[in-house]
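Enquirer: have a look at this fold, sequence not included:
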């Protein structure tokens with residue numbers, strides 16, 4: 001439910017405003033969405049890789065869909081997309097998945113990636129549409145023959161509320177303040193970020209790095225809580241855990257950094273850009289849609305702490321005015337392409353296109 005509450009609340013409200021009845025099906029947690037939204041909890045092993053064991057998820061989806069009988073199902077996470085699409089097909093309900101990230105199994109490569117690609121190919125065969133958050137993922141699915149011509153649609157992320165995430169003045173401190181927002185996952189580049197901090201400290205760069213986000217106990221790629229606390233004890237960074245409102249932390253930062261291995265459309269960078277902050281990110285799908293090198297931020301190589309440290313050092317060497325100008329261009333970019341109203345409008349157009 002956290003994914004829907006954090007990333008899809010604006011879309012859910014837009015669907016309700018357009019007259020649709022929205023029912024949420026997701027694993028149970030404490031997340032909530034403002035307003036009246038029906039929700040049904042489903043048991044799912046988010047990090048499990050046993051396909052046979054996961055078949056129980058397909059059966060659970062099938063039972064719920066047969067009970068609710070929706071006109072259409074929208075999916076947003078890898079397992080929900082695969083198993084939800086299989087269940088929807090068996091009950092004769094149209095299913096439209098959104099590829100918002102490819103997941104740890106895909107990034108690891110090897111046999112597990114091939115299994116996942118096979119599952120995508122089987123699950124998406126009869127979907128009326130497949131939504132992608134960036135053109136790179138669309139092209140990958142085309143090349144692997146997972147989607148067919150005319151089936152794919154590119155929508156610019158989950159959208160951002162430009163009133164809620166308004167532009168804030170730079171903190172104006174002499175020490176450059178970097179901020180990371182996200183789960184403490186290897187896939188997000190957390191280990192390279194810690195190593196880059198060691199490099200910057202050895203180089204004498206005057207900086208401060210803050211991590212905002214949770215340790216994901218159920219994810220095998222998550223950093224250990226004790227390790228992060230050791231980094232903190234060594235003075236490499238500050239860790240404040242998960243926060244319900246990240247805006248004060250973005251306001252207190254000069255630069256937001258995301259050394260991810262691959263993204264759909266990174267929420268952390270959308271929020272940073274909306275609030276007028278320069279960014280450092282890896283040159284990978286999703287990130288490079290928001291970080292235009294030399295204009296809205298700086299890019300570095302993925303899985304490369306030295307390249308990341310170099311980009312952070314270059315950002316620290318810029319003047320305040322140069323970073324402010326990058327922030328202005330970042331804000332202009334999200335105003336033009338990533339406003340939540342634009343994203344909601346694209347989904348509503350898609351529903352109308354399919355007679356819903």
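Expert: Now that the structure is in, tell me what you want to look at. Just so it is clear, the structure is predicted and the values come from calculations on it, not from any experiment.

Enquirer: residues contacting the most centrally placed residue in the chain?
Expert: Nearest to the mean C-alpha position of the chain, by C-alpha atoms, centre = their mean, lies residue 266 at 4.2 Å. Taking C-beta atoms under 8 Å, 6 or more residues apart in numbering, we find residue 266 in contact with 182, 258, 260, 281, 286, 287, 290. Every residue, glycine included, has its C-beta placed from N, CA and C.

Enquirer: where does pLDDT dip in this protein?
Expert: In the predicted model, the chain carries pLDDT under 70 at residues 1-2, 5, 29-35, 45-53.

Enquirer: you'd agree residue 58 is up against residue 86?
Expert: Yes: between residue 58 and residue 86 a contact is recorded at 5.2 Å, counting by C-beta atoms under 8 Å.

Enquirer: for residue 201, which non-adjacent residue is spatially closest?
Expert: residue 236 (6.9 Å; C-beta to C-beta, 6 or more residues apart in numbering).

Enquirer: could I get the contacting residues of that neighbour?
Expert: 194, 197, 198, 201, 209.

Enquirer: now swap in residue 83 and tell me
Expert: 54, 57, 58, 61, 123.

Enquirer: residue 308 too?
Expert: 189, 192, 193, 196, 257, 259, 280, 282, 300, 301.

Enquirer: list the buried residues in stretch 231-250.
Expert: 231, 236, 237, 239, 246, 249, 250 (16 or more other C-beta atoms under 10 Å).

Enquirer: in strands, which of those fall?
Expert: In strands, defined here by DSSP state E, the members of these are residue 239.

Enquirer: thinking again about what came up before, can you redo the contacts of residue 83 as TSV with distance to residue 139?
Expert: TSV is the format used below for the contacts of residue 83 (distance: C-beta to C-beta, whole Å):
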residue	distance to residue 139
54	28
57	29
58	29
61	29
123	19
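
Enquirer: tabulate those (a markdown table), appending neighbour count.
Expert: Putting the contacts of residue 83 into a markdown table (neighbours: other C-beta atoms under 10 Å) gives the following:
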| residue | neighbour count |
| --- | --- |
| 54 | 16 |
| 57 | 22 |
| 58 | 17 |
| 61 | 25 |
| 123 | 24 |
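
Enquirer: just the ones of those residues in strands?
Expert: Going by DSSP E, the strands hold none of the contacts of residue 83.

Enquirer: so which of these comes closest to residue 156?
Expert: residue 123 (24.0 Å; C-beta to C-beta).

Enquirer: ok, the closest one touching residue 87?
Expert: No: between residue 123 and residue 87 there is no contact under C-beta under 8 Å: 9.5 Å.

Enquirer: which of the contacts of residue 266 has the most neighbours?
Expert: Among those, residue 281 has the most neighbours (other C-beta atoms under 10 Å), with 30 neighbours.

Enquirer: pretty sure that residue is in a strand, no?
Expert: Yes: the assignment for residue 281 by DSSP: H, G, I helix; E, B strand; the rest coil puts it in a strand.
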